[in-house]
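Novice: Fold the following, please.
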Amino acid sequence: MTASDFGLVLIPLLAVAAPLLARGIRPVLRVPIIVFELVLGILFGPAVLGWAEPSQVLDKLSDFGLAMLFFMAGNEIDFPAVTGRPLVRASLGWLLSLALGIAVGFLIAPDEGMVVIGIALSSTALGTLMPILRDARELDTPFGKVITTIGAVGEFLPLIAVSIFLSTRKTPVAAAILLTFVILAGAVILVARRAPHGRLHAVVRATLHTSEQFGVRFVLLLIAGLVGLSVVLDLDMLLGAFVAGAVWRIIMARAPKPDAEAIESKIEAIAFGLLVPIFFLYTGVTFDLDLLIASPVAVAMVPLFLIALLVIRGAAAQLSAPSGASVRERTAIGMLAATGLPIIVAVTAIGVDEKILDPAMAAALVGAGMLSVLAFPLIAMTLRGDRARLDAVERDLPLGEL
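Specialist: From the prediction side, this is the model:
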């Protein structure tokens, strides 16, 4: 059995070990499970032990995991709640982040590479933050809604920028194709919003506990269709996955609550029980630590990129902070906004493939993104609430009983 074959067994084993490790140290320190997935991937990958190697099967499963991560992000967003002033503020913050990121990129790679660096430094990993906010029961709080708005903009607009500025086509043509996608996606959303869903809901309900599982199959078809449309139009597949999540939320908005919760649980099981852990573990496995260490300049850039993420995204996020927010809350918002990895992985891969970004510099950016996931949510959620509050969430106690 080769290391690539062994990885097909080892990755599920590590996926099981990650939550056990997270729960094991929880009495001492609350660490997001994603941290363990990344670290275990690096530890058992070629960079350290070499027990797991990249393979075509794992590579495709990782792509599905990344798409599912963006689907879940789109599905979690309450779009009526993020429109208006919150959306405008978050968008202005992102534009500021992009400008500052490109300025940093110009100092490092004064050519097309600066656009890659700028987009990477302007991103927020909403899909990564959603499970953390959900586990802490923050999604429906004012704090959670602020992070959701910042994250939605920090995840969607970088994909738009990638599609326009890093497309293999010239910018006007890329913009026209993107507009075509937006029109088609808008048509799908309009149909989903206006069409009656009673018959669809009835089929979903009737197959919830049978082998037919129509709802799950429909979701997979929806993702495949919109991701396929993105690929055909030579856009980033994550655009389609994100829109698919938004469409599914609209479809299920008028479904009976028990049915919606039941199908949501099944989709979460596929996403966070299978595909998303594979993405984070495989990101650790494929992280080229040797390439990074071989370049002293790239090693030095990792903390600099990490600081740049915190300063650029953290400062821009203050535009979205609620008036009267405390220093602790503003700091937590800034740190969560500066948490970035999936977009960084995607955009640096494009930069390396197009030979506009040095592979060692790409590794430094991904390394900074990984460190942001490792550190920023942990610090932010610690600042956000005291230990008793988080323990109450873990034990399912009403917070009012504390």
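
Novice: Pull up the gap between Asp59 and Val227, please.
Specialist: Note on Asp59: its distance to Val227, by Cβ to Cβ, to the nearest Å, is 16 Å. All C-beta atoms are positioned from the backbone trio N, CA, C, and that covers glycine.

Novice: if you count what's nearby, which of these two comes out ahead?
Specialist: Taking other Cβ atoms under 10 Å, Asp59 and Val227 do not tie; Val227 has more neighbours (25 against 11).

Novice: Roughly how far does the nearest residue to the more buried one once chain neighbours are set aside sit from Leu341?
Specialist: Closest residue in space to Val227, ignoring its immediate chain neighbours: Gly240 at 4.0 Å, by Cβ to Cβ, 6 or more residues apart in numbering. With distances taken as Cβ to Cβ, Gly240 is found 20 Å from Leu341.

Novice: Phe6: helix or strand, and which one exactly?
Specialist: Secondary structure from DSSP states H and E places Phe6 in helix 3-24.

Novice: what's next to that helix, contact-wise?
Specialist: Applying Cβ atoms under 8 Å, 6 or more residues apart in numbering, the contact partners of helix 3-24 are 31-33, 35-37, 40-41, 44, 50-55, 57-58, 274, 277-278, 281-282, 285.

Novice: now do stretch 41-60
Specialist: With Cβ under 8 Å, 6+ apart as the contact definition, stretch 41-60 has outside contacts at 2-8, 10-11, 14, 278, 280-290.

Novice: how about a cut-off of 7 Å?
Specialist: Residues outside stretch 41-60 that contact it (Cβ atoms under 7 Å, 6 or more residues apart in numbering) are 3-4, 6-8, 10-11, 14, 280-287, 289-290.

Novice: which residues touch the residue nearest the centre of the chain?
Specialist: With distances taken as Cα atoms, centre = their mean, the residue of the chain nearest its centroid is Gly127 (3.0 Å). The contact partners of Gly127, by Cβ under 7 Å, 6+ apart, come to Leu69, Phe70, Met72, Ala73, Glu155, Pro342.

Novice: circling back: now the helix holding Phe6: buried residues?
Specialist: Residues of helix 3-24 classed as buried by neighbour count (16 or more other Cβ atoms under 10 Å): Ala3, Gly7, Leu10, Ile11, Leu14, Ala15, Ala17, Ala18, Leu21, Ala22.

Novice: longest helix of this protein?
Specialist: Assignment by DSSP state H gives helix 359-384 as the longest helix of the chain.

Novice: returning to what we had before: among the contacts of helix 3-24, the buried ones, what's the ChimeraX command?
Specialist: Buried residues within the contacts of helix 3-24, by 16+ other Cβ under 10 Å, are selected in ChimeraX with:
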select :31,32,33,35,36,37,40,41,44,52,53,54,55,58,277,278,281,282,285
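
Novice: Sweet, I'm off.
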